[in-house]
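Visitor: coordinates for the following, if possible.
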Amino acid sequence: MTESSPFVVTISRQLGSGGAYLGQRLAKRLKALYLDREIVCRAAQELKMPAKDLEWRDEKVTPRWQSILKSTAYATSWYIPPPLDVPTDETLYNTESDIITRVAQQRTTIVVGRGGYYVLRQHPRCLSIFLHANIDFRQQRVEELYHVSAQKALKLINSIDQDRARYLRKLTGQDCVDARQYHLSLDTSVVGLDKAEDIILAAIHARFGNSEPDC
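Guide: Purely as a prediction, here's the structure:
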């Protein structure tokens, strides 16, 4: 690959730390493709099912009771309603990983979440970033973004943090908050979102040079 080849930036994030905001800002400034929720939509197309049937499973481990029903529905003599024909966690993860890998080979891309840092760990032109922040900063942003109470914001933060950690631990075997897995780790509550954007851009230029991305 050359300096003009496409590169990819993966953003792993805690809820409320600014991952989606910074991802969209970077994509706009770099004229890059932004991949976040669209990964779920593309996966639904490939798995030939409605996107709404996958959205509730986004970066979550399938509840144990559902996995048990699926595995025992035809192995017991007592009646269990037929399970929905949904992909396993592994199938969904592999489908999303294939999508991320294909897109990253074709054009400069900003990938938010979905274990992108792990999926693309062997990509020669990848910069992986982890965004985190203190709880007060995150709570305030979640309150403002989702128009919820402070109590609801904290509940969302705790729930989604746990869901993402369990999901990535199960599918990758990695601790997603271990900063050693990333090229760059930023506390956005300390540096602020604007400065974080500047730092990431500087890191991109340092790693890939100042050439215009291949869009």
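Visitor: let me see the contact set for residue 172.
Guide: 115, 118 (CB atoms under 8 Å, 6 or more residues apart in numbering). For glycine as for every other residue, the C-beta is placed from the backbone atoms N, C-alpha and C.
Visitor: residues contacting residue 104?
Guide: By CB under 8 Å, 6+ apart, the contact set of residue 104 is 6, 8, 111, 120, 123, 126.
Visitor: and the least confident of the residues you listed?
Guide: Lowest model confidence among the contacts of residue 104 falls on residue 6, which carries 90.
Visitor: tell me the phi and psi of that one?
Guide: phi -60, psi 150 (degrees, to the nearest 10).
Visitor: one step back: in strands, which of the contacts of residue 104 appear?
Guide: 8, 111, 126 (DSSP state E).
Visitor: which of the residues you listed has the most neighbours?
Guide: residue 111 (28 neighbours; other CB atoms under 10 Å).
Visitor: what ranges does the chain have for its helices?
Guide: 19-30, 38-46, 52-55, 64-72, 89-106, 116-119, 135-146, 150-172, 188-191, 193-208 (DSSP state H).
Visitor: export only the CA atoms of the first one, formatted as PDB.
Guide: In this case it means helix 19-30. C-alpha atoms of helix 19-30 as PDB (Å, rounded to 0.1, in the frame of the first residue of the first chain):
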ATOM      1  CA  GLY A  19     -17.700   8.500  19.700                       C
ATOM      2  CA  ALA A  20     -20.400   9.100  17.200                       C
ATOM      3  CA  TYR A  21     -20.000  12.900  17.300                       C
ATOM      4  CA  LEU A  22     -16.300  12.700  16.700                       C
ATOM      5  CA  GLY A  23     -16.700  10.000  14.100                       C
ATOM      6  CA  GLN A  24     -19.100  12.100  12.100                       C
ATOM      7  CA  ARG A  25     -16.900  15.100  12.400                       C
ATOM      8  CA  LEU A  26     -13.800  13.200  11.300                       C
ATOM      9  CA  ALA A  27     -15.600  11.600   8.300                       C
ATOM     10  CA  LYS A  28     -16.800  15.000   7.100                       C
ATOM     11  CA  ARG A  29     -13.300  16.600   7.400                       C
ATOM     12  CA  LEU A  30     -11.600  13.700   5.800                       C
END
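Visitor: and the angle from that helix to helix 135-146?
Guide: Interaxial angle, helix 19-30 versus helix 135-146 (axes from the mean of the first three to the mean of the last three CA atoms, to 10 degrees): 70 degrees.
Visitor: ok, residues contacting helix 19-30?
Guide: Under CB under 8 Å, 6+ apart, the answer for helix 19-30 is 9, 11-13, 32-34, 36, 108, 110, 112-113, 131, 188, 193, 196-197, 200-201, 204, 213.
Visitor: sorry, back to before: tabulate the helices of the chain (TSV), appending mean pLDDT and distance to residue 180.
Guide: Formatted as TSV, those follow (pLDDT from 0 to 100; distance: least, CB to CB, whole Å):
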stretch	mean pLDDT	distance to residue 180
helix 19-30	97	19
helix 38-46	91	25
helix 52-55	81	31
helix 64-72	43	30
helix 89-106	93	21
helix 116-119	96	11
helix 135-146	97	22
helix 150-172	94	14
helix 188-191	98	19
helix 193-208	96	16
